[in-house]
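K.L.:
Can you look at this prediction? I've put the sequence above it.
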Amino acid sequence: MNISPARLNLPESRVVSALGAHLGTLTTITLWHDFLCPWCWVAWVQAEKLKAEFGVTFDWRGAELFPPALNHKPAPPKSVDPDAPPAPKTRFDLFVEAEGIAMPTPRPHFADMHSALLASEYVAVEHSAETANAFIAAIYRAYWERQADVADRAILAQIAESVGVPASPMRESVASEQYAENILGFDDDAYAAGIRHVPTFVFGGEERLAEAPYTSLAHATERFLIRLEKYKNL
């Protein structure tokens, strides 16, 4: 089996344009996500479960639903009609119900996640993978469980310090857009790279699953670990 070292190990560069068609490496589970997306909060819950069951780790990568170039302005929230009949369940509602996952309530308001994704890349590059995972988990919890405004860099600084990351250099990195090229933007760039939905799990650069139930993710993880054993002998 002729496989280049670059595909076996974490890439030297996290710049999106340097990743190639695989969007990951053969020995890594890469998880493309955006903190804004409710499906991605579910993916974080699923990833924690996969870590506990299989001992795997994840390389979290930002796939920004509303990058700055889109200049997205969210519509004002609709007023609630107390006399309106209950809305029919959405595909997402049915999915989380089937997964046995209770979504936090109330749902958080829209937040521009560009700074949060930049901060995550800074921590991933400048600190350990364990610290990066802790930082990402803390952002998900802050936004989805406490409705914190994680677009606020002061809030991000507090989250960083809570996981042992000095806030000042992180804030400087975010302000300078130091790792902007590491973030994959929707729609055009993400679609061109083969990422059409978030979350997308990339198992060893060979198998992708998006918006998937836990059983499918678990089976994909088992297949990934079998392949990983083979690659260790190369």
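P.N.:
Cool, the structure landed.
K.L.:
element containing residue 151?
P.N.:
For residue 151, there is no enclosing helix or strand under DSSP states H and E.
K.L.:
Quick check: the gap between it and residue 46.
P.N.:
25 Å (CB to CB, to the nearest Å). Any C-beta I mention is one placed from the backbone N, CA and C, and that applies to glycine too.
K.L.:
between the two, which one's more packed in?
P.N.:
Legend: neighbour count by other CB atoms under 10 Å for residue 151 and residue 46, higher for residue 46 (21 against 17).
K.L.:
For the more buried one, give me the pLDDT.
P.N.:
Listed pLDDT for residue 46 reads 98.
K.L.:
How about residue 188?
P.N.:
89.
K.L.:
List the residues that contact the closest residue to residue 177 other than its chain neighbours.
P.N.:
Excluding its sequence neighbours, the residue lying closest to residue 177 (CB to CB, 6 or more residues apart in numbering) is residue 118, at 6.6 Å. Counting by CB atoms under 8 Å, 6 or more residues apart in numbering, residue 118 touches 173, 174, 177, 178, 179, 180, 183.
K.L.:
Of the residues you listed, which is the nearest to residue 102?
P.N.:
Nearest to residue 102 among the contacts of residue 118 is residue 183, at 30.0 Å by CB to CB.
K.L.:
Surely the closest one and residue 67 touch.
P.N.:
Yes - the criterion here is CB atoms under 8 Å, and residue 183 meets it with residue 67 at 7.3 Å.
K.L.:
Between the two, which contacts overlap?
P.N.:
Residues within reach of residue 183 and of residue 67 at once, by CB under 8 Å, 6+ apart, are residue 114.
K.L.:
Could you check how far the closest residue to residue 142 other than its chain neighbours is from residue 126?
P.N.:
Nearest residue to residue 142, sequence neighbours excluded (CB to CB, 6+ apart): residue 148, at 4.0 Å. Look at residue 148 and residue 126: by CB to CB, they are 23 Å apart.
K.L.:
what about the two, which has more around it?
P.N.:
Between residue 148 and residue 126, residue 148 has the larger neighbour count (other CB under 10 Å), namely 19 against 16.
K.L.:
one step back: now do the SS call for the residue nearest to residue 142.
P.N.:
Assigned state for residue 148: coil (three-state reduction, DSSP: H, G, I helix; E, B strand; the rest coil).
K.L.:
so what's it up against?
P.N.:
By CB under 8 Å, 6+ apart, residue 148 lies in contact with 108, 142, 155.
K.L.:
In space, what's closest to the first one - neighbours in sequence excluded?
P.N.:
Just to be clear, that refers to residue 108. residue 147 (4.4 Å).
K.L.:
just to revisit the earlier point, can I get the contacts of residue 118 in JSON lines including distance to residue 215, secondary structure and pLDDT?
P.N.:
Formatted as JSON lines, these follow (distance: CB to CB, whole Å; DSSP: H, G, I helix; E, B strand; the rest coil; pLDDT from 0 to 100):
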{"residue": "173", "distance to residue 215": "39", "secondary structure": "helix", "pLDDT": "98"}
{"residue": "174", "distance to residue 215": "38", "secondary structure": "helix", "pLDDT": "98"}
{"residue": "177", "distance to residue 215": "40", "secondary structure": "coil", "pLDDT": "98"}
{"residue": "178", "distance to residue 215": "39", "secondary structure": "coil", "pLDDT": "97"}
{"residue": "179", "distance to residue 215": "35", "secondary structure": "coil", "pLDDT": "97"}
{"residue": "180", "distance to residue 215": "36", "secondary structure": "helix", "pLDDT": "97"}
{"residue": "183", "distance to residue 215": "30", "secondary structure": "coil", "pLDDT": "96"}
